[in-house]
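Chemist: Predicted coordinates and the sequence they were generated for:
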Amino acid sequence: MIRDAEVLDEGFVPNDLQHRDAELTHLESTLRPFADGAPGQSIIITGPTGAGKTVTSKYVTGQLTDAVPNIQTVHLNCWRSHTQFRAFYSILDELGLATDIHRGSTPHDELISRLEAYDGDPVVVILDEADQLDSTDIFYDLHSLPKFAQLIVANERDQLFGRLNSRLQSRLQSSEHVPMSRYTPEELVSILEVRVRWGFEEETVSPDVIERIADAAAGDARVALGMLRRAANYAIREGHDEITFDVLEAAMPDAREQIRQRNVDALNDHQRTVFDIIRAYGPLSPQDIYEHYEAKMSDPNQLRTVKSYLSKLTEYRLIEAEGSTRDRTYRAVQSQ
DNA sequence: GTTCCACAGGAAAATATGGAGG
DNA sequence: CCTCCATATTTTCCTGTGGAAC
C-alpha cells in the first residue's frame, strides 16, 4: 500500500512547497543580500505548531544553496541542543570545526572565539524551536557575527521577546519578522493530496479520508501527516489494503469532535453569535443572518464584517454554504 | 435576452488593541 | 500617566458574478 514512506516522515522537505509563497518570497529577498556577501541578519519566524515554519526554513535555505553554492546551512534543533554549549558545539560541528573540542574540557569562550574567527562561506543558521533554548545569548552572538545569518524559529514573537534582555530586544526589534498562521483545511487537503500521490499506491486513500484528516487536524500539518501515518500503519497491521473511512475512524476516534470544540472555543462573541444563529434557525441567507445578529447584539458590526465571519466559520467547517450568489444560504455542519 | 440585485471577497483606510518606553 | 509603535480587526469602497425577475 505504501510506496514511499519517506514523504510521510516528519522533516521531509517536498520539492514544491505549497501555500507559503508569500513567506518564501519574504525570506528569499531578505536572505539574498547575505548570499551575495552582505553581513548576516536575523530573521524571526513565528507561528503555531504544524504551520510549516521548519519546512519553509529548510526549503528556503535549500533554494539558496542551489542558487548560490558557496553558502552553508546549519539546521539546529534547539530542543535537542538547548544548552548554550550544545548549541554552539552543534554549529561548529556542522561546520567541521569541532574535531578537537570535548565537552567539559573546552571553555565556552573558546567556542565563541572559533565562531568569531570563522572566515569561510556565509552560513545560515536555523535555530529551530528557539523557545527551548536555556539562554538567549546565542542570538546575540550570531547577530553580531557578519558571516552568520540566523533564522529564529519560535511559536510566539511576544513570548520570545519576553525572554530577551532589553539590549537584545532592541537589536532584534528591527529584524525581519515572518509570521505564519495555521493552514486552512483546504490547504491541508492539497498538501495531503500531494503526499498521498507520492507516498501511496493509487486508490488506497480516498478523497473523503483526506478531507476528514484535514478537518480534524485543525490547521496543523504535522498532526495531519501523523494521522495519515497512523491510519496507514493501522491498515497494514489489520490487513486492510486501503485506508477507508472506517479504518480512519478506528485509528483516530473522536478526533473531529475535539477539534470542532477547539474551533468553537476560538470564536469571539460576535462570531459565536453568528454561529449560534445559524445553528438555531437553520439555512439562512446572509441578509437574514445579519438581521438576527443585529437584533441580538448591542454593538453589532457591519455586514461586511459578518460576511468575513461567515467565511471564517466556513473555512473551519463549522458551517456550510449552499448556492453560489443570490441563492446562497448557510447552515450549521451537524456534528454527528 | 436583459436588467437587477444580493452575493463574495479584494484593497485600503480607519480604528481598536496591546506592549514598550518615556 | 501619556505617546509611540506594531499588529489585529473593522469599516468603507469597490468589482465581478450569477440567479431571479422581467
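Modeler: Structure's in. What do you need?

Chemist: Give the buried residues for stretch A:159-174.
Modeler: By 16 or more other C-beta atoms under 10 Å, the buried positions in stretch A:159-174 come out as A:160-161, A:164, A:168, A:172. Yep, even glycine has a C-beta here, placed from its N, CA and C like the rest.

Chemist: Can you tell me which of those residues is closest to A:Leu133?
Modeler: A:Leu160 (9.8 Å; C-beta to C-beta).

Chemist: Now do the helix or strand where A:Arg304 lies: everything it contacts.
Modeler: Applying DSSP states H and E as the criterion places A:Arg304 in helix A:303-315. Applying C-beta atoms under 8 Å, 6 or more residues apart in numbering, the external contacts of helix A:303-315 come out as A:184-186, A:267, A:270-271, A:274-275, A:278, A:286, A:289-290, A:293, A:319-321, A:330.

Chemist: 10 Å instead, please
Modeler: A:184-187, A:219, A:263-264, A:266-268, A:270-275, A:278, A:286-287, A:289-290, A:293-294, A:297, A:300-302, A:318-321, A:328, A:330, A:332-333 (C-beta atoms under 10 Å, 6 or more residues apart in numbering).

Chemist: quick revisit: among the buried residues of stretch A:159-174, which two are most distant?
Modeler: A:Leu160 and A:Leu168 (10.5 Å).

Chemist: list residues touching both of those two?
Modeler: With C-beta under 10 Å, 6+ apart, A:Leu160 and A:Leu168 have common neighbours A:136, A:139.

Chemist: the strands in the stretch 101-250 of chain A, which residues?
Modeler: A:123-128, A:148-154, A:176-179 (DSSP state E, counting those that start in this stretch).

Chemist: from the middle of its chain, how far away would the shortest one be?
Modeler: Right, strand A:176-179. 13 Å (C-alpha atoms, centre = their mean, to the nearest Å).

Chemist: Stretch A:262-280 too?
Modeler: With C-alpha atoms, centre = their mean, you get 25 Å for stretch A:262-280.

Chemist: Work out for me the element the residue nearest to the spatial centre of chain A sits within.
Modeler: Centroid-nearest residue in chain A, with C-alpha atoms, centre = their mean: A:Ala51, separated by 1.4 Å. For A:Ala51, there is no host helix or strand (DSSP H and E).

Chemist: tell me the contacts of it?
Modeler: A:20, A:23, A:45, A:155, A:179-183, A:219-222.

Chemist: for the residue nearest to A:Asn155 when sequence neighbours are not counted, what are its contacts?
Modeler: Leaving aside its chain neighbours, A:Asn155 sits nearest to A:Asp131 (5.8 Å; criterion: C-beta to C-beta, 6 or more residues apart in numbering). Going by C-beta under 10 Å, 6+ apart, A:Asp131 touches A:46, A:78-79, A:82, A:152-156, A:159-160, A:163.

Chemist: Most widely separated two among the residues you listed?
Modeler: By the measure C-beta to C-beta, A:Thr46 and A:His82 form the most distant pair in the contacts of A:Asp131, at 18.6 Å.

Chemist: Show me which of those two is the more surrounded one.
Modeler: A:Thr46 (22 against 16; other C-beta atoms under 10 Å).

Chemist: what comes up buried for stretch A:130-141?
Modeler: Buried residues in stretch A:130-141 (16+ other C-beta under 10 Å): A:130-131, A:133, A:136-141.
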